[in-house]
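Q: sequence-free structure coming up:
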């Protein structure tokens, strides 16, 4: 197992309150596997992603759980060890490539900088040619010209290619991609996803793919984890989830995303529960058409199926 | 379908000048956001404009609801030539904007926001009118929302207020520019259901501007596909989605996520390479020729015109049309 997260709890401090962003999440990623983390805004999916390289903002506190990456608990590492994890073992691609590239530095130099940070004995000329070969790897046309460009001179698609290039520059074994294509055009989105798939095969890369776009997830993922209000609702292989979603929230999400047309078409109402004071039992209770008395008091247990698990009292009884 | 279109635009263009005049060159460069668009919208016939960013769909939408003055061409409302900033026109064509966060004045209460259209057009109103509007967009009880400020509302509620404001004057046409992008999937579903329902009560027509093909499929009966400031294909929704002919439309449709884990060819072999060229230097002849798999020499010289290719279905690609006719001849 490449990564296993166990019972992770992350709370944010807000005006004397705790905002329970992630509240007992467990998931695993194998080598070379694409796991998609889906959910609406406020579901906690990005918080889980940022916790893996320990890049959470100051207001976040890890209240419990473990993040085991290649046998080590990341939460126990000191800053030097973490620096090794970030970049060298885990690469990250964000949503807005132009905003996290340094606007005052040439594209090529930014890639070379990433390379030098992780191997100090690299000579300058070597770094330049290595950076160029990375630009080639992410299929940037006209490598020499792009090397000397500044971020504002690149289109959104090209900037995201550079972002991916920096993320894979030190050949990590896990890539975290947080909404990597959500600001790109359809035709460019298809190209970027194609690139990610190619790199995966080439580098035996595992990807934690965070998205709210189920269409994109249907094309990329091997396994899908559906999150709702800080907890996992369902985890299943991609085909099982799209053909036969089990959790009422998964059904709702698939229907609302207009990617599949089956299932109940009941009116969708309500919104996420208050994250500072979530309901005691199931978090989805206010919007669930099947809620019963037990759902009010007991948080649902995980009911495993062949390759999946669903957190819903509809699929089993309390032991 | 009535014969006069509610709204029509004839050869509309919008250029934005960029940069400075050179010392030796007297011509200024300009961004050709919209470059000669002719379009008719008929009553009850929801029309969609689809295309990628920078294709000019938002600019066209703004011209159509009288918020921008076109550089060339003109807009007709019920067959009458309309000037930019005409009051009757403004009353009949209302916009719904993409981002409900910036579409509402943060310093005004919902009551003030919704009273504004009545005030501008000098129409008598009272609190019950405003409450009715709110209840119609399913913000009930309407009274409880009157004194709230935009920041006290969720994204979905804000978009409902924007829709209520657009409906206040009972417009004939609503220009909805990406009405649900930026909202969560389940909230999107709620807003789309609401828009569908309101169409019946208010007898209005939508012009939907979007890049989301599944949204357009469920809402519109006609689709216009834009590329670099021009419409390249227009026709009935089914005809465009299932029998599209223009190479750009085909590429766009094939890039759309299938939503089926078994069908991944849209990622495995991306239908089109490269990105949209800059609208400052639009390629000569057919704007799409630089990315087109069917391009021939002629495409660089002659600008294609819209021609009929099927029932009510027009495309601007002579190469495809020729192939089509020769196929018919063989038969």
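A: Nice, I can see it. Please read all numbers here as calculations on a predicted model, not as lab measurements.
Q: Is the residue of the stretch 1-150 of chain A at minimum distance from chain B part of a helix or strand, or is it coil?
A: Closest contact between the stretch 1-150 of chain A and chain B, by Cβ to the nearest Cβ, is at residue A:40 (3.8 Å). For the C-beta atoms, the positions are set from N, CA and C on the backbone; glycine is no exception. What DSSP: H, G, I helix; E, B strand; the rest coil gives for residue A:40 is coil.
Q: could you pull out the strands for chain A?
A: A:3-14, A:17-29, A:34-38, A:60-69, A:72-73, A:90-93, A:174-178, A:206-211, A:223-228, A:231-237, A:302-304, A:309-311 (DSSP state E).
Q: show me what contacts the residue of the stretch 1-150 of chain A closest to chain B?
A: Taking Cβ atoms under 8 Å, 6 or more residues apart in numbering or on different chains as the contact definition, residue A:40 lies against A:212, A:228, A:253, A:272, B:184, B:185, B:186, B:187.
Q: Hmm, the fifth one is touching residue A:38, no?
A: No - counting by Cβ atoms under 8 Å, no contact exists between residue B:184 and residue A:38, whose distance comes to 11.3 Å.
Q: top helix in chain B by residue count?
A: For chain B, the helix with the greatest residue count under DSSP state H is helix B:185-202.
Q: when you scan that helix, is anything in it near chain A?
A: Yes - using Cβ under 8 Å from any Cβ of the partner chain as the criterion, contacts between helix B:185-202 and chain A involve B:185, B:186, B:187, B:188, B:189, B:190, B:193.
Q: Residue A:184 and residue A:190 touch, don't they?
A: No - taking Cβ under 8 Å as the definition, residue A:184 is not a contact partner of residue A:190, at 9.3 Å.
Q: Please say which of those two ends up with more neighbours.
A: Neighbour count, other Cβ atoms under 10 Å in any protein chain shown: between residue A:184 and residue A:190, residue A:190 has more, with 27 against 23.
Q: Name all residues that make contact with the more buried one.
A: The neighbourhood of residue A:190, defined by Cβ under 8 Å, 6+ apart, consists of B:254, B:255, B:266, B:267, B:270, B:271, B:272.
Q: can the residues you listed go into a markdown table with extra columns for pLDDT and distance to chain A?
A: Formatted as a markdown table, the entries for the contacts of residue A:190 read as follows, by pLDDT from 0 to 100; distance: Cβ to the nearest Cβ, whole Å:
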| residue | pLDDT | distance to chain A |
| --- | --- | --- |
| B:254 | 92 | 8 |
| B:255 | 92 | 4 |
| B:266 | 90 | 6 |
| B:267 | 91 | 5 |
| B:270 | 84 | 4 |
| B:271 | 82 | 7 |
| B:272 | 82 | 5 |
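Q: Residue B:232: which of those is nearest?
A: Of all those, residue B:272 has the smallest distance to residue B:232: 13.5 Å, by Cβ to Cβ.
Q: hang on, isn't that closest one packed against residue B:255?
A: Yes - between residue B:272 and residue B:255 there is a contact at 7.0 Å, judged by Cβ under 8 Å.
Q: so what pLDDT did residue A:167 get?
A: Reading off the per-residue confidence, residue A:167 sits at a pLDDT of 94.
Q: for the record, mean pLDDT for stretch A:184-197?
A: The predicted confidence, averaged over stretch A:184-197, sits at 93.
Q: The longest helix of chain B relative to strand A:34-38, how many degrees between them?
A: For helix B:185-202 against strand A:34-38, the angle between stretch directions is 50 degrees (axes from the mean of the first three to the mean of the last three Cα atoms, to 10 degrees).
Q: Not counting helix B:185-202 itself, show me its contacts.
A: A:40, A:212, A:214, A:252-253, A:255-258, A:267-269, A:271, B:46, B:136-138, B:155-156, B:159-160, B:163, B:167, B:170-171, B:176, B:179-180, B:183, B:204-206, B:215, B:218-219.
Q: So for it, what gets flagged as buried?
A: Neighbour counts using 16 or more other Cβ atoms under 10 Å in any protein chain shown place B:185, B:186, B:187, B:188, B:189, B:190, B:191, B:192, B:194, B:195, B:198, B:199 of helix B:185-202 among the buried residues.
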